[in-house]
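Next one to model:
(one chain, ligands or ions: 1)
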Amino acid sequence: MFGGHDTTASGISWLFYCMSLHPEHQQRCREEIQEILGERDTIEWEDLGKMTYTTMCIKESLRLFPPVPAVSRQLAKPITFSDGRSLPAGLFSLFILNIFAIHRNRDVWEDPEIYDPMRFSPENSAQRHSHAFLPFSAGSRNCIGQQFAMNEMKVALALTLLHFELAPDPSRPPIPISQIQPTQAGSQQGPGETWSREG
Ligand code: HEM
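Here you go, the predicted model:
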């Protein structure tokens, strides 16, 4: 449930929030979608690959608000970094990769707090390290559903922008909280309690 549902729910929510804060990008996506669909109000498989600017906006939202903000790993063999520091292998060491922090690393991203979909244009992406942007993790255990998730977000955004204009509610700014909410069934906790990744 967490892998396939909560992630896209979080991704779509933050995407809509980013769109609401940036009407200029919202309108550009809307125009792109209207141009692709023409008179249609349903989306065909072939349409998804044409949503270039919309895809850039989704990626920029996943950069600022990654639905999976961190992943953990145990090392099969030790690593030594170029600065001489090293991490041990073995069952008793668990390492956290902070995806949220990687996505806001000032050495890689200029003005990282700013929402700028043009970061993901082909020219601007070309020189960037392949691991600078990791919403779906990387390596052999990366997200098996990432293509599905991107398509789901494209469809959700496209159909929403065709019918609605998104505007923020300044009286209720969203507060990012890193947590996993258990279902009622099978949970040892009460309804108001949560599992937190940060403890
Ligand atoms: C925006 C949406 C999504 C995000 C950001 C996301 C992110 C991730 C990340 C970061 C991992 C790696 C976890 C780790 O390395 O420990 C992962 C794994 C996984 N994801 Fe997703 N995911 C998304 C949507 C989906 C969807 C829609 C599905 C299924 C339809 C899915 C299925 C999986 C599965 C099965 C794994 C485990 C793969 C493995 O361990 O080999 N994810 N996801």
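
Apart from its neighbours in sequence, what residue is nearest whichever residue of the chain sits closest to the ligand?
Residue of the chain nearest the ligand, by Cβ to the nearest ligand atom: residue 145 (2.2 Å). Every residue, glycine included, has its C-beta placed from N, CA and C. Closest residue to residue 145 apart from its sequence neighbours, by Cβ to Cβ, 6 or more residues apart in numbering: residue 4 at 5.7 Å.

One more: residue 11?
residue 67 (4.8 Å).

The one you found falls within a helix, correct?
No. Assessed with DSSP: H, G, I helix; E, B strand; the rest coil, residue 67 is coil; it does not lie in a helix.

OK, contacts around the closest residue to residue 113 other than its chain neighbours?
Nearest-residue entry for residue 113: residue 104, 7.0 Å, with adjacent residues in sequence omitted and distances by Cβ to Cβ, 6+ apart. If a contact means Cβ atoms under 8 Å, 6 or more residues apart in numbering, then residue 104 has 64, 112-113 as its contacts.

before we move on, back to that, what about the residue of the chain closest to the ligand, how many residues nearby?
Using other Cβ atoms under 10 Å, residue 145 has 14 other residues around it.

my guess is it contacts residue 3, does it?
Yes. Residue 145 is within contact range of residue 3, at 6.9 Å (criterion: Cβ atoms under 8 Å).

need the helix or strand of the chain with the lowest average pLDDT.
Counting by mean pLDDT, DSSP states H and E, the chain has its least confident helix or strand at strand 195-196, which shows a mean of 40.

Alright, calling it a day.
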